[in-house]
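Engineer: structure of the sequence below:
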Amino acid sequence: MDKTLVIGATGNAGREVVDRLVAAGAAPRALSRRAGKPGDGRGHVREGVEAVAGDLSEPATLEAALTGVGSVFLVWPFLTTEHAPAVLDAIGRHARRVVYVSSSGVDRTAERQTDPIRQLHADMEALIEKSGPGWTVLRADTFASNARGWAAQIRAGDVVRGPDSAATAVIDERDIAAVAVRALTEDGHGGARYVLTGPQVLSRAEQVRAIGEAVGRPLRFEAVPADVARERMLADGRPPALVDALLAGVGTRPASELITTTVEEITGAPARTFASWAVDRADAFR
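Structural biologist: Down below sits the predicted model:
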């Protein structure tokens, strides 16, 4: 059986894709820049899954990882498409299908997107559509797992401080993975652009309150100005280019009431609520 290469296998969505491929009886191969010993810790893949080393910024390192691969799950970790054509060329020499995680905010009718991250996804989509394999694009709304970035503040106190942004229909990364596995292992998804959302539009304040309910403590969100947020994010060690891109999105993204039923249509199960995600991930905030 052809293998499925999971690029970003140690990330929030990638780890879930690996787990679901194993449960489905498929044969995942997990790509990581550091293919260390298997395990459950972050930075490693689960026990029994083939781990291979490769670096997207050095496309030549992907050849061995792609040998015998029929499908590829792709997340793009960079802020530019500099290495993407060479990576997609390598994928096209081996795989028949690629599933790419994009953003629900991409507007194909716009000459330019509203912020750098959405522009990156739009550019990646265009490159993927021109590449060799059959493709499926998963345009996902805000990942619930982004809330893990508040964990240190929640463990230290009852207030989460950060830049505010427009409310969105936050989606559980497990639901993204469930759709991805269908697209990776089934026919009939080629050329599709699936918009994936959770069932409720939530502000950051509402997300923080939901986490508080999950951990049994009253929590609140306090918005801070962008310049203050930038200083804190830089102090946390985030690269300046990433900080600027994230804050650009905060300042320019419009409010959205978009809710889709795509997760249920493809998987047969409704999208999970953010509250259920918070309950299942409560230990990360204690």
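Engineer: pLDDT at the closest residue to Glu16 other than its chain neighbours, what is it?
Structural biologist: Spatial nearest neighbour of Glu16, chain neighbours left out: Ala177 (3.5 Å); criterion: C-beta to C-beta, 6 or more residues apart in numbering. From N, CA and C alone the C-beta is placed, and that goes for glycine too. If you check Ala177, the pLDDT there is 98.
Engineer: Ala177: how many residues sit nearby?
Structural biologist: 26 (other C-beta atoms under 10 Å).
Engineer: those strands in the stretch 1-150 of the chain, which residues are they?
Structural biologist: 3-7, 28-32, 50-53, 69-74, 97-103, 134-140 (DSSP state E, counting those that start in this stretch).
Engineer: and the last one, what's its mean pLDDT?
Structural biologist: So that's strand 134-140. Mean pLDDT, strand 134-140: 97.
Engineer: need the residues that contact that strand.
Structural biologist: 96-106, 121, 125, 128-129, 171, 176, 179-180, 183, 189-197 (C-beta atoms under 8 Å, 6 or more residues apart in numbering).
Engineer: put the alpha carbons of it into PDB.
Structural biologist: Provided in PDB are the C-alpha atoms of strand 134-140 (Å, rounded to 0.1, in the frame of the first residue of the first chain):
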ATOM      1  CA  GLY A 134      -4.400  15.900  -7.800                       C
ATOM      2  CA  TRP A 135      -5.100  18.500  -5.000                       C
ATOM      3  CA  THR A 136      -7.500  19.300  -2.300                       C
ATOM      4  CA  VAL A 137      -7.400  22.500  -0.300                       C
ATOM      5  CA  LEU A 138      -8.800  22.700   3.200                       C
ATOM      6  CA  ARG A 139      -9.600  26.300   4.000                       C
ATOM      7  CA  ALA A 140      -9.700  26.200   7.800                       C
END
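Engineer: now the angle from it to strand 69-74?
Structural biologist: Angle between the axes of strand 134-140 and strand 69-74 is 30 degrees (criterion: axes from the mean of the first three to the mean of the last three C-alpha atoms, to 10 degrees).
Engineer: cool, the first one as well?
Structural biologist: Put simply, strand 3-7 runs at 20 degrees to strand 69-74, going by the same axes, to 10 degrees.
Engineer: which strands border strand 3-7, and is each parallel or antiparallel?
Structural biologist: Strand 3-7 pairs in its sheet with strand 28-32 (parallel), strand 69-74 (parallel), by DSSP bridges.
Engineer: flag the shaky bits of the stretch 1-150 of the chain, pLDDT-wise.
Structural biologist: Low-confidence segments of the stretch 1-150 of the chain (pLDDT under 70): 1, 34-44.
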